[in-house]
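K.L.:
Here is a sequence with its predicted model. Questions after.
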Amino acid sequence: MLKRFTISLDEKLLEKFDTVIKQQKYVNRSEAIRDLIRSSFVEEEWQADKDVVGVISMVYDHHQPKLQEKVTEIQHDYHHQIVSATHIHMDHHNCLEVVIVKGKAGSVNELTDRLRSLRGVRNCKMAMSTTGKDLH
Ligand code: NI
């Protein structure tokens, strides 16, 4: 069931909000506000070490000695959290690895930190998402 409520907002803040959501292609304020509320819940799930899902994407140089081996070893340490991993050879030097993870926020953050801190890893980002079971 949908419920309606009224929000009071400073005029300047509302103007800015409207500009931003227009740039982001939202059809109306309600949809934008719903998404903002949901993303704050996703953040809360991550903060509270709940069961979450996420996508790690990392770019690294496979010529870096032992790096490929370490990346694999670390992923094996977290095999319970890893749903899927895809490796793409981008060019002569660079590999892109995309890892879909699921589990307690703390353990998947730990996995991301361990991968990010390896020498030769040029970029490593976690896209935080949610199992969705508490989001309606
Ligand atoms: Ni590669």
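P.N.:
Yep, that arrived. Residues are numbered from 1 along each chain as shown.

K.L.:
which ones are touching residue 55?
P.N.:
By Cβ atoms under 8 Å, 6 or more residues apart in numbering, the residues touching residue 55 are 98-101, 126-127, 129. From N, CA and C alone the C-beta is placed, and that goes for glycine too.

K.L.:
cool, and residue 109?
P.N.:
Residue 109 neighbours (Cβ under 8 Å, 6+ apart): 46, 126.

K.L.:
Quick check: it vs residue 46, distance?
P.N.:
Distance from residue 109 to residue 46, counting by Cβ to Cβ, to the nearest Å: 8 Å.

K.L.:
Would you list the phi and psi of residue 120?
P.N.:
phi 100, psi -10 (degrees, to the nearest 10).

K.L.:
Grab the nearest non-local neighbour of it.
P.N.:
residue 64 (2.9 Å; Cβ to Cβ, 6 or more residues apart in numbering).

K.L.:
Assign a three-state SS to that neighbour, would you?
P.N.:
The three-state label given to residue 64 by DSSP: H, G, I helix; E, B strand; the rest coil is coil.

K.L.:
from here on, count from 44
P.N.:
Understood, numbering begins at 44; the last thing we discussed is residue 107.

K.L.:
Which single residue of this structure ends up nearest the ion?
P.N.:
In the chain, the residue that lies nearest the ion is residue 138 (3.2 Å; Cβ to the ion).

K.L.:
Now do stretch 45-62: distance to the chain's middle.
P.N.:
Stretch 45-62 has its C-alpha centroid displaced from the chain centroid by 27 Å (Cα atoms, centre = their mean, to the nearest Å).

K.L.:
Any idea which residue is closest to the centre of the protein?
P.N.:
residue 170 (1.2 Å; Cα atoms, centre = their mean).

K.L.:
How about the secondary structure of that one?
P.N.:
strand.

K.L.:
Quick check: phi and psi on the nearest residue to it once chain neighbours are set aside?
P.N.:
Distances taken as Cβ to Cβ, 6+ apart put residue 98 closest to residue 170, at 4.5 Å, once the chain neighbours are dropped. With angles defined as degrees, to the nearest 10, residue 98 sits at phi -130, psi 120.
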